[in-house]
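Peer 1: coordinates for the following, if possible.
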Amino acid sequence: MALLFEEDYDLLTSSGLKIEEDELGRFLIIKNFPVQEDLYLSQGRPITDLEVLLIIPPNYNTSGGDMFWTFPDISRADGKPIPNYGGDPRIYDSKSYNRWSRHFRAASWLAKVDNVQKILSRVEWALKNPQANL
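Peer 2: Numbers count the residues shown, from 1 in each chain. Model (predicted):
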């Protein structure tokens, strides 16, 4: 059974994002999520994209989500900590994904209106604003 609606897959395809799914774990993995080049390091080197793992609940279009996980392990280029990053990892394809715990206001999700684009926008916002601790 698909994790998303057909319109969500169309949106992901048209955006150029490469995805994988694990239906058993309800994981949606975006293999090439872009990040600002000067913002993050992995193993001391700048990165321009990373993998994002999302857990898609069966009722995702009624509630959205407030956490995501990234691979590889990253740090901020300015040396400051990323609030609520790490702990409670998810394992997929023998890789350990680090948690980003971000709690968006429930009212910011419009049930049965918002879709995967809203989730992607939340992830993009969090990655552009690593200092934010919602």
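Peer 1: what's in contact with the longest helix along the chain?
Peer 2: With secondary structure taken from DSSP state H, the chain has its longest helix at helix 116-128. For helix 116-128, contacts defined as CB atoms under 8 Å, 6 or more residues apart in numbering pick out 4, 8, 11-12, 15, 17, 30, 33, 35-36, 39, 52, 54, 60, 64-65, 68, 100, 102, 104, 109-110, 132. No exception for glycine: its C-beta is placed from N, CA and C like everyone else's.
Peer 1: and after the helix or strand of the chain with the lowest mean pLDDT, which helix or strand comes next?
Peer 2: Taking mean pLDDT, DSSP states H and E as the measure, the chain has helix 60-63 as its least confident helix or strand, at a mean of 76. Beyond helix 60-63 in the direction of the C-terminus, DSSP states H and E gives the next helix or strand as strand 67-71.
Peer 1: may I have that next one as PDB, with CA atoms only?
Peer 2: Extracted C-alpha coordinates of strand 67-71, given in PDB (Å, rounded to 0.1, in the frame of the first residue of the first chain):
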ATOM      1  CA  MET A  67      10.000  15.200  13.300                       C
ATOM      2  CA  PHE A  68      12.400  14.100  10.600                       C
ATOM      3  CA  TRP A  69      15.700  12.400  10.500                       C
ATOM      4  CA  THR A  70      18.800  13.100   8.300                       C
ATOM      5  CA  PHE A  71      21.800  11.200   7.000                       C
END
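Peer 1: follow-up on the earlier one: just the buried members of the contacts of helix 116-128?
Peer 2: Among the contacts of helix 116-128, those buried by neighbour count (16 or more other CB atoms under 10 Å) are 4, 8, 11-12, 17, 30, 33, 35, 39, 52, 54, 60, 64-65, 68, 100, 102, 104, 109.
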